[in-house]
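**Q** Here you go, sequence then predicted model.
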Amino acid sequence: MADTMIRRLPGDELHELFAHDPFIRWDIARPHTSQIWVVGDAVALQRHSHSRRIHGISLLGRDDVPELLDVVLADLPPEINGLSVERQFLPLLEERLGPRLAGGGDWDWMWTEQAPEPVPAQDRLVILDDTRDAAEISALNQIGNPTAESEPGTGRTQLWLGAREHGRLIAAGAMHLTPGGAPHLAGIVVDPQARGRGLGTAVTAGLARHAIERHGVCTLGMYADNDRARDIYERIGFRVARAWASRRMTPTDTAR
């Protein structure tokens, strides 16, 4: 049986143990101050969403994930209401928790350290202002993607890029920072009437180029079934580091 550690790892020890892993390197804060479970080659991290509505645990690893999941479920903090596993382990999660899982989604965490080549329509890009242009960006989100997570006007965005046509905003995208301090793209939206003209690719490439020039890396998350976005990201140079299945769950007193 694997050697089990249930503790907080001090300082940068988590990043030293998993130095090869781009997700931990670029997405996880140094130091990670919440609970960490380690079983053999697998690790589980207590995390929360930016909105703090979801307090979750992310599990990653290979052979020791089944044992790790059992350890985590036996030691589950009461505030936890979500679990994320790599999609190959979703059947295991469903076996352990069954009807106590309450929906969620599948998504991919991607990264690149290669600056994109020039793309068509990049000369149309303009820098947007998080405060002055917030209402216009929000209106674009409503018609282009109501679930966009760019959060205009909140001060979270490090850089906005967009495109206008006859003064009207027809494309926009944001660059945030992960808890690990790496650039993370969010809320890339194109007006439905302006799609098919390369604007989404131009915004993505422009943000990625800026991120890599200044930070050496760029990251993003995408819904796994968004084939249009996947095609854009892969052509620009992004690769999947973690293919996640995230599920909400009922209170922990029924999950023990």
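**A** Thanks, I have the structure now. Numbering: from 1, shown residues only.
**Q** which residues of the stretch 1-150 of the chain fall in strands?
**A** 4-7, 36-39, 42-48, 55-60, 82-86, 101-112, 126-128 (DSSP state E, counting those that start in this stretch).
**Q** Compare the ones you listed and give me the one nearest residue 151.
**A** For those, proximity to residue 151 was assessed by CB to CB; strand 126-128 is nearest, at 13.3 Å. C-beta: built from backbone N, CA, C; applies to glycine.
**Q** quick check: longest helix of the protein.
**A** In the chain, with assignment by DSSP state H, the single longest helix is helix 199-215.
**Q** in its sheet, what does the helix or strand just after that one sit against?
**A** Using DSSP states H and E, the helix or strand that follows helix 199-215 in sequence is strand 218-223. Strand pairing for strand 218-223, using DSSP bridges, gives strand 101-112 (antiparallel), strand 183-190 (parallel).
**Q** quick one, what contacts residue 210?
**A** Listed by CB atoms under 8 Å, 6 or more residues apart in numbering, the contact partners of residue 210 are 159, 161, 175, 183.
**Q** again, but for residue 149
**A** 186-187.
**Q** Against residue 187, how distant is it?
**A** To residue 187, residue 149 is 6 Å away according to CB to CB, to the nearest Å.
**Q** What of residue 59?
**A** 27 Å.
**Q** For stretch 120-129, buried residues please.
**A** Residues 121-122, 124-125, 128 are the ones in stretch 120-129 that count as buried (16 or more other CB atoms under 10 Å).
**Q** again, but for stretch 55-71
**A** Under the neighbour-count criterion of 16+ other CB under 10 Å, stretch 55-71 has 55-61, 64-65, 67-69, 71 buried.
**Q** For residue 111, state which of those residues is nearest.
**A** Taking the buried residues of stretch 55-71 together and measuring to residue 111 by CB to CB, the closest member is residue 60, at 14.5 Å.
**Q** The closest one reaches residue 86, doesn't it?
**A** Yes: under the criterion of CB atoms under 8 Å, residue 60 makes contact with residue 86 at 6.1 Å.
**Q** okay, and the common contacts of those two?
**A** In contact with both residue 60 and residue 86: residue 242, using CB under 8 Å, 6+ apart.
**Q** what ranges do the helices span in the stretch 1-150 of the chain?
**A** With DSSP state H, counting those that start in this stretch, the ranges of helices along the stretch 1-150 of the chain come out as 13-17, 22-27, 65-74, 90-97, 134-144.
**Q** who's in contact with residue 15?
**A** Applying CB under 8 Å, 6+ apart, the residues contacting residue 15 are 24-25, 28, 30.
**Q** can you give me the angle the longest helix of the chain makes with strand 183-190?
**A** 160 degrees (axes from the mean of the first three to the mean of the last three CA atoms, to 10 degrees).
**Q** which of the residues in helix 199-215 are buried?
**A** Those would be 199-212, 215, for helix 199-215 by 16+ other CB under 10 Å.
**Q** And those residues, which is closest to residue 90?
**A** Set against residue 90, the nearest of the buried residues of helix 199-215 by CB to CB is residue 204 (28.0 Å).
**Q** least trustworthy helix or strand in this protein by mean pLDDT?
**A** strand 4-7 (a mean of 53; mean pLDDT, DSSP states H and E).
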